[in-house]
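>>> The sequence isn't on hand, but the structure is:
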């Protein structure tokens, strides 16, 4: 790890200069991301756009978010990319008939699938929030519609949670409820509140987080992901296809880490109005993810999922899990000052540099096998930059405000 030096906080790991260079290297990789149809393309191993794949709303939204952050950082060329991706959200991927956003469109621009998902719409809100902070053209209109649609269609005020999916014409919600959509809704709600000054979005993030605190406690840190319409957990869902990229069976190690960090952002944002137990749940989720997922089969890396007793189910190593582990360790170290979290932070950056970071072709390998060699059983290519870029930024910023607002205000550690 000759190109990684000590952190200002004292633990071994990348310093601020290295993190900045890695962020810029990642942004360079994705410069060909804009699809001819509009929106963002799925990227291949070398950063070339895979035009045979659909244009996805979640990838396009993440591209707006990442390159708007690049614009806020002053990285040359990021503003045009973010602006072009944002235009795709307002045209190619937008449902002009019924409102909201398709999940994806095919090579002819026709919608793929029949549903509209909370997951996608949460990312549109995140994109709009970061774009608004970066003062991109069209950002105000985008976030205005995105928040209106989300509030009307996906926010369940009575329960303080989110609906997961509707049909295209918004006639009825699907019965499935999911924690993945809830997680990215919390992320988006924090960003919307930061960008617009509307504190109600922060309050909504707090209500979802309170539910997650209860789940973490009830299930010893292994969060159920799938639920029925009354939020009864469906613990056996997709046991027959455990490596599903969005609805895998069992406990998802990376989501435990991601929630661990998000709960601390909610705590820092809401202050004395935050729900009780956020720090304790954050620790529990982090410790469980490490115990169940890190290096449990003899090789470094996090397994993807486990059964409800902690037995690994899908042992592939996903790049995003390592990125979220880094970010969670940094957040807990910032919150507590405890050296154990700094040690994990350094250990996982060492792993990323040795195994995950692709120094030859750019970006990070999105999926590795159990011996840490690249594979593509779940994630072919290198679809987007969101998790890796955030891993280079979050450790340098406070827990609140969120990424865009903190970068814009130069609130560096």
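Perfect, thanks for sending it. Not measured: the values here are computed from a predicted model.

>>> in stretch 51-66, what counts as buried?
Neighbour-count burial for stretch 51-66, counted by 16 or more other Cβ atoms under 10 Å, picks out 53-66. C-beta coordinates here come from the backbone N, C-alpha and C atoms, glycine included.

>>> any low-confidence regions in the chain?
1-12, 413 (pLDDT under 70).

>>> pretty sure residue 35 is touching residue 41, no?
Yes - counting by Cβ atoms under 8 Å, residue 41 is a contact partner of residue 35 at 4.2 Å.

>>> what is in contact with the two at once?
49, 51, 55 (Cβ atoms under 8 Å, 6 or more residues apart in numbering).

>>> Cross those against helices and list the overlap.
Secondary structure from DSSP state H places none of those in helices.

>>> What distance do you get for residue 62 to residue 295?
29 Å (Cβ to Cβ, to the nearest Å).

>>> which residue sits closest to residue 150 in space, ignoring its chain neighbours?
residue 121 (5.3 Å; Cβ to Cβ, 6 or more residues apart in numbering).

>>> residues in contact with the one you found?
Taking Cβ under 8 Å, 6+ apart as the test, what residue 121 contacts is 100-101, 146, 149-150, 153-154.

>>> residue boundaries of the strands in the stretch 1-150 of the chain?
Assigned by DSSP state E, counting those that start in this stretch, the stretch 1-150 of the chain shows strands spanning 42-43, 49-50, 55-56, 104-105, 115-117.

>>> For residue 348, find the nearest of those.
strand 42-43 (23.6 Å; Cβ to Cβ).

>>> who does that closest one touch, helix- and strand-wise?
strand 49-50 (3 or more Cβ pairs under 8 Å, 6 or more residues apart in numbering; DSSP states H and E).

>>> mind listing what the strand it packs on pairs with, with the direction of each?
strand 42-43 (antiparallel) (DSSP bridges).

>>> Would you mind pulling the contact partners of the lengthiest helix in the chain?
Using DSSP H, we find that the single longest helix of the chain is helix 199-218. With Cβ under 8 Å, 6+ apart as the test, helix 199-218 has contacts from 147, 155, 160-162, 179, 182, 185-186, 189-190, 192-193, 223-224, 259, 262-263, 266, 269-270, 273-278, 280-281, 284-285.

>>> Mind doing that once more with 6 Å?
160-161, 182, 186, 189-190, 192-193, 223, 259, 263, 266, 269-270, 275, 277, 281, 284-285 (Cβ atoms under 6 Å, 6 or more residues apart in numbering).

>>> what's the answer for stretch 137-150, then?
86, 90, 100, 121, 124-125, 128, 131-132.

>>> before we move on, back to that, any chance of the buried residues of stretch 51-66 in JSON lines, plus distance to residue 175?
Formatted as JSON lines, these follow (distance: Cβ to Cβ, whole Å):
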{"residue": "53", "distance to residue 175": "29"}
{"residue": "54", "distance to residue 175": "26"}
{"residue": "55", "distance to residue 175": "28"}
{"residue": "56", "distance to residue 175": "24"}
{"residue": "57", "distance to residue 175": "22"}
{"residue": "58", "distance to residue 175": "22"}
{"residue": "59", "distance to residue 175": "27"}
{"residue": "60", "distance to residue 175": "28"}
{"residue": "61", "distance to residue 175": "25"}
{"residue": "62", "distance to residue 175": "28"}
{"residue": "63", "distance to residue 175": "32"}
{"residue": "64", "distance to residue 175": "31"}
{"residue": "65", "distance to residue 175": "30"}
{"residue": "66", "distance to residue 175": "33"}
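
>>> So what touches the helix or strand harbouring residue 181?
Taking DSSP states H and E as the definition, residue 181 sits inside helix 179-196. For helix 179-196, contacts defined as Cβ under 6 Å, 6+ apart pick out 118-119, 122, 125-126, 129, 132-133, 162, 164, 199, 201-202, 204-205, 208, 225, 262, 265, 269, 401-402, 405.

>>> Compute the distance between residue 103 and residue 142, please.
17 Å.

>>> again with residue 293
36 Å.

>>> hang on, the earlier thing: most packed of the strands of the stretch 1-150 of the chain?
strand 55-56 (a mean of 26; mean count of other Cβ atoms under 10 Å).

>>> From the contact counts, what lies against it?
Taking 3 or more Cβ pairs under 6 Å, 6 or more residues apart in numbering; DSSP states H and E as contact, there are no helices or strands that strand 55-56 lies on.

>>> List the pairing partners of that strand within its sheet, with orientation.
strand 104-105 (antiparallel).

>>> now the contacts of residue 121: which count as buried?
Here, 16+ other Cβ under 10 Å leaves 100-101, 146, 149-150, 153-154 buried among the contacts of residue 121.
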